[in-house]
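In: Make a model of this:
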Amino acid sequence: MTGRRLLMVCTLLISLSSVRPAAGVATAEAEVGGPVATRQSPAVVREAPVEQWSRAYRVPKAWVQAVWAYESHIHIGKFTQLNGPDRPLWLGLGNPGLEDAPSIFVFDGVGRDGDGDGRCDIRSARDRTCSVLDWLSRNGGTTTPEIRRSLWQWYEDSVIVERITLFSSLFATHTPAEMSRHAFPLPLRSSYTYRNTWGQARGWGGRRIHVGTDLFAPYGTPVRSTVWGYVETKGWNPYGGWRIGIRDVDNTYHYFAHLSGYAKGLSIGQIVKPGQVIGYVGSSGYGRKGTSGKFPPHLHYGMYIDAGSEEWPVNPYPNLVQWEREERKQTKK
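Out: Predicted structure coming up:
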């Protein structure tokens, strides 16, 4: 940027320092504040000022919760898509790197200040969420097709659009408090054993490590959803055999593998709740479609965190121990 142009921009910024952004944005910024949300807390959705955001941006509450649920649980690597030549620019075209709200307003950037610190930080979940909501508000429309179209214009990723849409379906019918419940994947009255097998070596299909927990149980033992979520995947996988993948509103993918079959009527996109039977223990996998019996019957249970461009496995064993303990306490009441 030349010295003359820089002087012009600085003069313009000074003159606009007292100018309020668009009405919805100003209202939201005045009503929210506090620390930036992190993706560590399972109750993170409940910590967002969704009521204020919904009023400020005139976006239905369930969609506000859905956008927040997605944006508060993803990795920074996903945000580079906002800086492409054909995408909405976070800082604005020609912005030399100024992140303060007035500068972004001058350069017509899409970044918004959602946490009240005066900056539009792409690393802030609240800033990103309010930026998406402002985009939805300015594009207009509150019906599902209209919102989905605006989300596509922002993300240009059909998987993300579908994920946020299904999140909104969950929030439209259930409270975050309800969706914080979990269940052990096998009935507590059934016969089963499990231990921490994270990181152990596996040989079939090449050298790899075990990224889950094996729960050994008799063939045909019911397998239950551990969370509120929706069925994201269902079908055959050479490693996992007949498997089911469920996505919860914390954007965690729950993987149930080596099944002998599925619950009747279970379909992709279906909303499921903790304790709902989704399939049955088996020994499928390690081969072509239909292969079974290469190992004792058991459920392989895995958990994967969305890291933006890919998903990272996390050890589910501590969660299983906790959910088993909590469910036993509930059954004794």
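In: Where do the helices of the stretch 1-150 of the chain begin and end?
Out: 3-16, 23-31, 50-57, 61-71, 101-106, 125-139, 144-155 (DSSP state H, counting those that start in this stretch).
In: now the stretch 151-300 of the chain
Out: Under DSSP H, counting those that start in this stretch, the stretch 151-300 of the chain gives helices at 158-173.
In: Could I get the full set of strands for it?
Out: 193-194, 201-202, 208-209, 213-216, 222-224, 229-237, 241-248, 252-262, 271-272, 277-281, 298-306 (DSSP state E, counting those that start in this stretch).
In: For the first one, name the packing helices and strands.
Out: Put plainly, it is strand 193-194. For strand 193-194, the elements it packs on are strand 213-216, judged by 3 or more CB pairs under 8 Å, 6 or more residues apart in numbering; DSSP states H and E. Every C-beta, even on glycine, is put in place using the N, C-alpha and C of the backbone.
In: sorry, back to before: would a markdown table of the strands of the stretch 151-300 of the chain with mean neighbour count, mean pLDDT and distance to Val161 be doable?
Out: Shown next, in a markdown table, are the strands of the stretch 151-300 of the chain (neighbours: other CB atoms under 10 Å; pLDDT from 0 to 100; distance: least, CB to CB, whole Å):
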| stretch | mean neighbour count | mean pLDDT | distance to Val161 |
| --- | --- | --- | --- |
| strand 193-194 | 14 | 97 | 37 |
| strand 201-202 | 11 | 72 | 35 |
| strand 208-209 | 11 | 72 | 32 |
| strand 213-216 | 20 | 96 | 32 |
| strand 222-224 | 22 | 98 | 29 |
| strand 229-237 | 18 | 96 | 14 |
| strand 241-248 | 23 | 96 | 14 |
| strand 252-262 | 22 | 97 | 17 |
| strand 271-272 | 19 | 96 | 17 |
| strand 277-281 | 21 | 98 | 25 |
| strand 298-306 | 22 | 93 | 14 |
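In: would you turn the ones you listed into a markdown table with distance to Trp90?
Out: Shown next, in a markdown table, are those (distance: least, CB to CB, whole Å):
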| stretch | distance to Trp90 |
| --- | --- |
| strand 193-194 | 45 |
| strand 201-202 | 42 |
| strand 208-209 | 37 |
| strand 213-216 | 40 |
| strand 222-224 | 42 |
| strand 229-237 | 28 |
| strand 241-248 | 26 |
| strand 252-262 | 26 |
| strand 271-272 | 33 |
| strand 277-281 | 40 |
| strand 298-306 | 20 |
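In: Looking at these, which is nearest to Thr129?
Out: strand 298-306 (15.6 Å; CB to CB).
In: Scan the helices and strands of the protein for the one with the lowest mean pLDDT.
Out: Of all helical and strand segments in the chain, the minimum by mean pLDDT, DSSP states H and E falls on helix 23-31, at a mean of 28.
In: returning to that earlier point: for Arg128, find the nearest of the strands of the stretch 151-300 of the chain.
Out: strand 298-306 (14.1 Å).
In: Determine how far the helix or strand just after that closest one lies from the middle of the whole chain.
Out: Following strand 298-306 in sequence order, the next helix or strand is strand 311-314 (DSSP states H and E). Remark: strand 311-314 is offset 13 Å from the chain centroid, using CA atoms, centre = their mean, to the nearest Å.
In: ok so, going back, tell me, which of the helices of the stretch 1-150 of the chain is the model least confident about?
Out: Within the helices of the stretch 1-150 of the chain, confidence is poorest for helix 23-31, with a mean of 28 (mean pLDDT).
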